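>>> Got a predicted structure here, sequence first:
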Amino acid sequence: MFRVMWHTSRLFFLGRLSRNVQAAVVQDAMERSDAAPNARIANRTGLAPERIAEIKELAAHPHVYDELTRALAPSIWELDDVKRGVLCMLFGGTSSSVSRKRSEIHILLCGDPGTSKSQLMSYVHQIAPRGVYTSGRGSSAVGLTAGVVRDQETGGVVLESGALVLSDGGICCIDEFDKMTDTTRAVLHEAMEQQTVSIAKAGIICSLNARTSILASANPSESRYNPNMSVVDNIKLPPTLLSRFDLIFLILDTPNAEVDRRLAKHLVGLYYENPIVPATIVSQSLLRDYITYAREHIHPTLSDVAARDLVNAYLDMRRVGGTTNTISATPRQLESLVRLSESLARMRFSETVGARDVAEAVRLMRVATQSAATDPRTGRIDMDMINTGRAQVDRQTADALSASLKELLAERRGTRMAVGDVRRELAEVTNLTVPHEDLINHLRELEGDDMIQFNERAQTVFVRTGIMA
């Protein structure tokens, strides 16, 4: 029933795939046969010579970076650093057929309601060479990847592509990211890192490309962002998924009389008969063509100076942890810095990444991801808050609590205790309020080590005689 096409050591089942999946597979095969290793799949329709001359004139502007920032969503007030990060995502890094490292940049916008997150995403969806917009509440795992349905005409199996496959080579905007179910979010792990979507359904086994940048927005679980809690506790996302984002921007609604006055004037000006929008020399069509041309023709490479600056910047970020064993940067942040630097060089049509590109990439990393990874209790940057969901302070507290619990139970060998009594006595020993869930987790660990017998239904603990403090 299926015809099999062999291409570069891959099998693609084309027989009764839906038209959009067939187009994606055939297009992928054509791109792999292209001699240019950095060939992109952005708009290949071509531009008029006059338009190309206009694009190159803009690239020669001494402040092209600032002009592009002003041209991106001019109706949204300020948020300049967020717009700069989104620009980096639109341009993307340099792809390589040798290292097979992803060049796409993923961004998460997290913050209070009414801070223009959805409006910015809608604008990016319109300006991107290829973009798909979806909502986390109304998305499913099949809707994001691909689903198998039966053709009503022939009765054969048809593979329908989802949002990630359709946005291959572009941007997939996912609103209400926090409203997704765990099953739906699980399919994003492969797409965000390996840039593929693997399908094994109804006899169809294939791997579809999902080389897409993901722009997601999430609201705090308590409606408003709590600065006294970590970003993981605020948005309730799994750390394994959160760590895959290159930039995490916190967009907070902080009361300030002067800022509120300027924002109100800007919003009211948008409702005039002739809306008052900040002036820019870059039109929306020119910005779209500029991005398309840059992605097709500009492929920056690292210079020796940029490579040295990247290494030094990564070491400086690691030193922030000092001697406290706090992880303030990981190799994933270094790879993000490389992608950001390449995209910044591409914006100004440079074939090599310079020192200023690295400096701006480091600055964006500090105002975005490292700000989100700052422990509100200590003020220190701890990337484990994003990578594992627990800061160093939490790990130290958990270790101290476990040691105190073992010491307390060692004095009660051969006796049975209620969990409530254990919690009360433990609080007296440590002078800390012990959360019930944390105590239950520690008791389960001790039961796994065969130190106690924990009856979760009766909420009792029998201490074995062999327990040691």
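Received, thanks.
>>> Check the gap between Thr254 and Leu109 for me.
16 Å (Cβ to Cβ, to the nearest Å). To be clear about C-beta, it is placed using only N, CA and C from the backbone, and glycine gets the same treatment.
>>> ok, these two, which is more surrounded?
The neighbour comparison of Thr254 against Leu109 (other Cβ atoms under 10 Å) goes to Leu109, with 28 against 9.
>>> Please report phi then psi for that one.
Per-residue torsions, Leu109: phi -100, psi 120 (degrees, to the nearest 10).
>>> And stretch 210-223, what's buried?
For stretch 210-223, a neighbour-count test (16 or more other Cβ atoms under 10 Å) marks Ala210, Arg211, Thr212, Ser213, Ile214, Leu215, Ala216, Ser217, Ala218, Asn219, Pro220 as buried.
>>> Just the endpoints, please. Distance across it?
32 Å (Cα to Cα, to the nearest Å).
>>> Could I get the buried residues of stretch 210-223 in JSON lines, plus columns for secondary structure?
Putting those into JSON lines (DSSP: H, G, I helix; E, B strand; the rest coil) gives the following:
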{"residue": "Ala210", "secondary structure": "coil"}
{"residue": "Arg211", "secondary structure": "coil"}
{"residue": "Thr212", "secondary structure": "coil"}
{"residue": "Ser213", "secondary structure": "strand"}
{"residue": "Ile214", "secondary structure": "strand"}
{"residue": "Leu215", "secondary structure": "strand"}
{"residue": "Ala216", "secondary structure": "strand"}
{"residue": "Ser217", "secondary structure": "strand"}
{"residue": "Ala218", "secondary structure": "strand"}
{"residue": "Asn219", "secondary structure": "coil"}
{"residue": "Pro220", "secondary structure": "coil"}
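>>> Tell me the one among those nearest to Gly354.
Proximity of the buried residues of stretch 210-223 to Gly354 (Cβ to Cβ) peaks at Ser213, which lies at 23.2 Å.
>>> tell me the contacts of the closest residue to that closest one other than its chain neighbours?
Using Cβ to Cβ, 6 or more residues apart in numbering and skipping residues adjacent in sequence, the residue nearest Ser213 is Glu104, 4.2 Å away. Contacts here follow Cβ atoms under 8 Å, 6 or more residues apart in numbering; on that basis Glu104 touches Met89, Gly92, Gly93, Gln195, Arg211, Thr212, Ser213, Ile214, Arg339.
>>> May I have the phi/psi pair for Glu104?
Torsion angles at Glu104 (phi, psi; degrees, to the nearest 10) stand at phi -80, psi 150.
>>> quick revisit: between the buried residues of stretch 210-223, which sits nearest Val461?
Nearest member of the buried residues of stretch 210-223 to Val461, counting by Cβ to Cβ, is Pro220, at 36.1 Å.
>>> Quick check: pLDDT value at that closest one.
pLDDT recorded at Pro220 is 86.
>>> Could you do Leu120 as well?
91.
>>> if I pick it, what's in contact with it?
By Cβ under 8 Å, 6+ apart, the neighbours of Leu120 are Ala73, Ile76, Leu79, Val82, Lys83, Val86, Leu109.
>>> rerun at 10 Å
Counting by Cβ atoms under 10 Å, 6 or more residues apart in numbering, Leu120 makes contact with 72-73, 75-76, 79, 82-83, 86, 109, 173, 215, 217, 251.
>>> Buried subset of those residues, written for PyMOL?
A single PyMOL command selects the buried members of those (16+ other Cβ under 10 Å):
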select buried, resi 72+73+75+76+79+82+83+86+109+173+215+217+251
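>>> Which ones among the contacts of Leu120 lie within helices?
Counting by DSSP state H, the contacts of Leu120 place Val82, Lys83, Val86 in helices.
>>> Please report the distance of Glu160 from Gly143.
Taken as Cβ to Cβ, the span from Glu160 to Gly143 is 9 Å.
>>> What ranges does the stretch 351-469 of the chain have for its strands?
Assignment of strands within the stretch 351-469 of the chain using DSSP state E, counting those that start in this stretch yields the ranges 352-353, 416-418, 452-455, 460-463.
>>> Tell me where the stretch 251-400 of the chain has helices.
Ranges of helices in the stretch 251-400 of the chain, per DSSP state H, counting those that start in this stretch, are 257-269, 284-297, 304-319, 331-347, 355-367, 369-372, 384-387, 392-410.
>>> what helices or strands is the third one leaning on?
What that stands for is helix 304-319. Helices and strands touching helix 304-319, by 3 or more Cβ pairs under 10 Å, 6 or more residues apart in numbering; DSSP states H and E, are strand 301-302, helix 331-347, strand 352-353, helix 355-367.
>>> Now mean pLDDT, distance to Asp66 and mean neighbour count too, for those, in a markdown table please.
Converted to a markdown table, those look like this (pLDDT from 0 to 100; distance: least, Cβ to Cβ, whole Å; neighbours: other Cβ atoms under 10 Å):
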| stretch | mean pLDDT | distance to Asp66 | mean neighbour count |
| --- | --- | --- | --- |
| strand 301-302 | 92 | 24 | 17 |
| helix 331-347 | 93 | 11 | 23 |
| strand 352-353 | 95 | 19 | 20 |
| helix 355-367 | 92 | 11 | 20 |
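>>> Just put those in a markdown table and tack on distance to Ile55.
Shown next, in a markdown table, are the helices and strands packed on helix 304-319 (distance: least, Cβ to Cβ, whole Å):
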| stretch | distance to Ile55 |
| --- | --- |
| strand 301-302 | 21 |
| helix 331-347 | 12 |
| strand 352-353 | 20 |
| helix 355-367 | 20 |
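>>> which one of these lies closest to Phe462?
With Cβ to Cβ, the closest approach to Phe462 among those belongs to helix 331-347: 44.5 Å.
>>> mind listing the helices for the stretch 101-250 of the chain?
Counting by DSSP H, counting those that start in this stretch, the helices of the stretch 101-250 of the chain are 117-127, 141-144, 163-166, 182-186, 188-193, 231-235, 239-242.
>>> Could I get the contacting residues of Ser336?
88, 93, 105-106, 245-247, 329-330, 361, 364-365, 368-369.
>>> wait, I meant Met89
Taking Cβ under 10 Å, 6+ apart, we find Met89 in contact with 104-107, 124, 128, 171, 213-215, 246-247, 339-340, 343.
>>> same thing but 8 Å
Taking Cβ under 8 Å, 6+ apart as the test, what Met89 contacts is Glu104, Ile105, His106, Ile107, Val124, Ile171, Ser213, Leu215, Leu247, Ser343.
>>> Tell me the bridge partners for the fourth one.
Okay, so that is Ile107. Ile107 has these beta-bridge partners by DSSP bridges: Leu215, Leu247.
>>> Please state the backbone phi and psi of the residue nearest the centre of the chain?
Closest residue to the average C-alpha location of the chain: Phe245 at 2.4 Å, with Cα atoms, centre = their mean. The phi/psi pair for Phe245 (degrees, to the nearest 10) reads phi -80, psi 130.
>>> and it, what pLDDT?
For Phe245, pLDDT reads 91.
>>> Make sure it is actually in contact with Arg339.
No. With contact defined as Cβ atoms under 8 Å, Phe245 and Arg339 do not form a contacting pair (12.0 Å).
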